[in-house]
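Visitor: Using only what follows, build the 3D model:
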Amino acid sequence: EGLSWYFAAFNRNKRSIVLDLKSEAGRKVLERLLAGADVLVENFRPGVLDAMGFSASRLEQLNPRLVLCSINGFGSIGPYADRPAFDFVAQALSGFMATNGEEGGPPLRTAAPLTDLAAGLYGALGVLAALRARERTGRGQRVETTMLGSILSLLGYLAPEYLATGRPPPRTGNDHPILAPYGLFRTKDKEIAIAPANEAIVR
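Guide: Next comes the predicted model:
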């Protein structure tokens, strides 16, 4: 009925406002909002918020208790700092896609935007820690998380295996590279997932 389910899924129970932060009027509205806010979350490339007039020092003037959470592709320093990023790009660049798919097949991204979701979760953890610190100090702080760093952390043992051996982990589809039986198995009428954790479960 004219309402996007995609928009509704991500914005249920939120109040929205549209501001043109390149205009003086839009910046004034944001300043008033920030004066009474606990947290500001932004996902611009590093330096964009500063260019709009909301540098760290300016935000501290507006509200010393404000927690700023920056979520970006590659961090605020380093050779990729100025590059924009999308979930697909971070999945590919991290090597995460190279671990997905069948042996001999092409790398595959995950259907869910894991990079976006993981970065959001890490950002939320950082905000909670900053709010807890504010209870003791009375002051806010800036926390930052990156899409690339977040998806790298989800590689688990695959990343240190590569760093230790120099060998890229093989794509094993639904099978486990070490444990067996572990995977998706076809039965007479459907496929089932089997993942025993020890010998007692196998028996």
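
Visitor: by contact count, what packs against the top helix by length along the chain?
Guide: Assignment by DSSP state H gives helix 114-137 as the longest helix of the chain. Helices and strands touching helix 114-137, by 3 or more CB pairs under 8 Å, 6 or more residues apart in numbering; DSSP states H and E, are strand 39-42, strand 67-72, helix 87-94, strand 142-146, helix 147-153. In this view, the C-beta of every residue, glycine as well, is placed from N, C-alpha and C.

Visitor: Phe10 versus the residue most central in space within the chain, what's the distance?
Guide: Nearest to the mean C-alpha position of the chain, by CA atoms, centre = their mean, lies Ala119 at 1.6 Å. Ala119 sits 15 Å away from Phe10, taking CB to CB, to the nearest Å as the criterion.

Visitor: In the chain, where is pLDDT below threshold?
Guide: By pLDDT under 70, the weakly predicted segments of the chain are 201-203.

Visitor: ok, Thr146 - how many residues close by?
Guide: Neighbour count of Thr146, defined by other CB atoms under 10 Å: 24.

Visitor: so it makes contact with Ala119?
Guide: Yes: in this structure, Thr146 is within contact of Ala119 by CB atoms under 8 Å, at 6.7 Å.

Visitor: So what does Glu191 have for phi and psi?
Guide: phi -100, psi 140 (degrees, to the nearest 10).

Visitor: and it, what is it in contact with?
Guide: By CB atoms under 8 Å, 6 or more residues apart in numbering, the residues touching Glu191 are Leu184, Phe185.

Visitor: State the distance from it to Leu108.
Guide: Taking CB to CB, one finds Glu191 at 18 Å from Leu108.

Visitor: can you list contacts of the longest helix of the chain?
Guide: For helix 114-137, contacts defined as CB under 8 Å, 6+ apart pick out 38-39, 41, 65, 67, 69, 71, 87, 90-91, 94, 96, 140-141, 143-151, 153-154.

Visitor: Buried ones only from these, please, as a ChimeraX command.
Guide: The buried residues among the contacts of helix 114-137 can be selected in ChimeraX (16 or more other CB atoms under 10 Å) with this line:
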select :39,67,69,71,87,90,91,94,96,140,141,143,144,145,146,147,148,149,150,151
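
Visitor: now stretch 164-172: how far from the chain's centre is it?
Guide: Distance, stretch centre to chain centre, for stretch 164-172: 24 Å (CA atoms, centre = their mean, to the nearest Å).

Visitor: With adjacent residues omitted, what lies nearest to Gly75?
Guide: Once flanking residues are discounted, Gly75 sits nearest to Thr146: 4.8 Å by CB to CB, 6 or more residues apart in numbering.
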